[in-house]
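In: Give me a model of this one.
(chains A and B)
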There are 2 protein chains.
Amino acid sequence: MATLPKVVGRVRDLRAAVAGYRAEGAKVALVPTMGALHEGHMTLAETAREIAQRTVVSIFVNPTQFAPHEDFSRYPRTLEADLTRLSEVGVDLVYAPTPTEMYPAGFASRIEVGGPSAGLETDFRPHFFGGVATVVGKLFIQCAPDFAMFGEKDYQQLKVVTRMSRDLDLGVEVVPVPTVREEDGLAMSSRNAYLDAEQRQIAPVIYTALSRAAEAIRGGAAPDAALATARGMIEALGLRVDYVAARNAETLAPLKEGAGEPVRLLAAAWLGETRLIDNIGV
Amino acid sequence: MATLPKVVGRVRDLRAAVAGYRAEGAKVALVPTMGALHEGHMTLAETAREIAQRTVVSIFVNPTQFAPHEDFSRYPRTLEADLTRLSEVGVDLVYAPTPTEMYPAGFASRIEVGGPSAGLETDFRPHFFGGVATVVGKLFIQCAPDFAMFGEKDYQQLKVVTRMSRDLDLGVEVVPVPTVREEDGLAMSSRNAYLDAEQRQIAPVIYTALSRAAEAIRGGAAPDAALATARGMIEALGLRVDYVAARNAETLAPLKEGAGEPVRLLAAAWLGETRLIDNIGV
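Out: Prediction:
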């Protein structure tokens, strides 16, 4: 069994470790996570190891990106299993701060990103990206990595974080990593753990519906018609759809008629008490 | 005549210069300004030189902290005179970015600070501290100094920036520098240049009124009564008062009855078309 990675919980210890890596001349990659690690996270860590000599994984279930009615308290926390998994890919350091380390008494600041955060998730989770941008901004500032790995599974988040890193001159290159899927197409997600056996069978419908819509659009179908079909297919299995949308793949702005722009299809839907999201390129 | 300081306009040149200072083992102090430099700024620069081996002065009239109806376009711009003044105190570098360097196309991020930003200036300039926090946050990230000098003249700004630097782990120690005053007590400000001769004679009333109120409070007067007297004294000379207030000197929260807390008196008032602010400790 491989040795468990070193774990630190304080900013100063993180910075000391990273300063050591810098002194070696190493490039540093950060993989920000909320723990409950699955194959998707492992792919992020493996990609990090390919592009940088040193890899830091952060594990922090960030309270400020959950609304009061959301699943913060039941979000899966599996630190021991996470460390074991990470030992298998050989990361150099795990940074697992406490909420007090991230948000000490009197904390009052927030990073807000407009642009790609408009619509989609924001229509249903209005405080989400403010919470994400603030915690990721802090992680970037605390760790000062060269690269940060973000999964395309959370596509809007990827674009928001990329925008923030550029806007605030954080000097971190945000590296998109393709979504890892189960054999039946379901995007890997920590929230899949909430699904019961029957729900688990139904869940891939979001991916299937988006894939067919993408195929239809590539074949010349109007996006609106293809999206309506996809929505119907998802709802037919009993899911409650938040959105099924086509957006500019770079800016996430609504599509312009005949602009020939790169297109991304994105969806969010509730399966029972579990909210699933997914997206694919056209 | 002393040599004019080196001026750079690009983030990458700023970072290269600061990396050079670091390589020497120097501590670096940043003095963020909007130019139109006066004796108050010189005191900031001199204080910087006392505590750090290298001093960077930034000059940037930040459009995002002005509301559309405010004085952004007429704000005094005096770069040549500024550089001459700075050569006299011997700063190492002037960073004077263009608006496009600070806010490139697509820029969409904002740093918002709660806590000390509540009330006072925010009641009258609701977007002000968002603009200030964003530009100062960017300057801190771009320059990565050990220290940053802020005048107590803009006391609420000082507290907001201090809060932000701590909250976002920017690693910059914000150093408060006492307000520099004209002989008659008027706080030095670039906006004093807007005053005509008659207004200039009247302008010290804010400082005089705050000083008397502080004296009265030290002598046992109730803050509310002392502030009402101060407001009356300012209004009697024809100024339009935005606020005359007493706050906790650290948090800027409203005072609690009998808490024995440190007290700061703060005021803002219009003299014709010019808005003046000032504050003093009790």
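
In: now A:Glu261, what's its secondary structure?
Out: coil (DSSP: H, G, I helix; E, B strand; the rest coil).

In: residues contacting A:Arg231?
Out: A:209, A:241, A:244 (CB atoms under 8 Å, 6 or more residues apart in numbering or on different chains). Where you see a C-beta, it was placed from the backbone N, CA and C, and this is true even at glycine.

In: quick one: contacts for A:Thr84?
Out: A:Leu4.

In: What residues does chain A have near chain B?
Out: Proximity of chain A to chain B is confined to A:11, A:104, A:106-117, A:133, A:137-138, A:141-142, A:163-164, A:166-170, A:251 under the rule CB under 8 Å from any CB of the partner chain.

In: for the contacts of A:Arg231, which one is nearest chain B?
Out: Distance to chain B, by CB to the nearest CB, is smallest for A:Val244 among the contacts of A:Arg231, at 24.8 Å.

In: Can you point out the buried residues in the host helix or strand of the closest one?
Out: Per DSSP states H and E, A:Val244 falls inside strand A:240-248. Buried residues in strand A:240-248, counted by 16 or more other CB atoms under 10 Å in any protein chain shown: A:241-248.

In: ok, so of those residues, who is nearest B:Ser190?
Out: Set against B:Ser190, the nearest of the buried residues of strand A:240-248 by CB to CB is A:Asn248 (42.5 Å).

In: Would you list the phi and psi of the closest residue to that closest one other than its chain neighbours?
Out: Nearest non-adjacent residue to A:Asn248, counting by CB to CB, 6 or more residues apart in numbering or on different chains: A:Glu261, 5.0 Å away. A:Glu261 adopts backbone torsions of phi -90, psi 160, taken as degrees, to the nearest 10.

In: ok, A:Glu261 - contacts?
Out: A:248-250, A:255.

In: cool, and A:Ile206?
Out: A:187, A:234, A:239, A:267, A:269, A:276-278.

In: ditto for A:Ala209
Out: Here A:Ala209 is in contact with A:229-231, A:233-234, A:244, A:267 (CB under 8 Å, 6+ apart).

In: does it sit in a helix or strand, and which one?
Out: Secondary structure (DSSP H and E) places A:Ala209 in helix A:205-218.

In: quick one: buried residues of the following helix or strand past that helix?
Out: As assigned by DSSP H and E, the chain's next helix or strand after helix A:205-218 is helix A:223-236. For helix A:223-236, the neighbour count (16+ other CB under 10 Å) marks A:223, A:226-227, A:229-231, A:233-234 as buried.

In: from those residues, which is closest to chain B?
Out: The nearest member of the buried residues of helix A:223-236 to chain B, counting by CB to the nearest CB, is A:Pro223 at 23.7 Å.

In: my guess is the closest one contacts A:Glu257, does it?
Out: No - if you go by CB atoms under 8 Å, A:Pro223 and A:Glu257 don't touch, sitting 10.1 Å apart.

In: Distance from the chain centre to the helix or strand hosting A:Gly137, please.
Out: Using DSSP H and E, A:Gly137 sits in helix A:128-143. Mean-position distance between helix A:128-143 and its chain equals 13 Å (CA atoms, centre = their mean, to the nearest Å).

In: Paired strands for whichever helix or strand comes after it, with orientation please.
Out: Counting by DSSP H and E, the element after helix A:128-143 in chain order, helix or strand, is strand A:147-151. Neighbouring strands of strand A:147-151 in its sheet, by DSSP bridges, are strand A:28-33 (parallel), strand A:173-177 (parallel).
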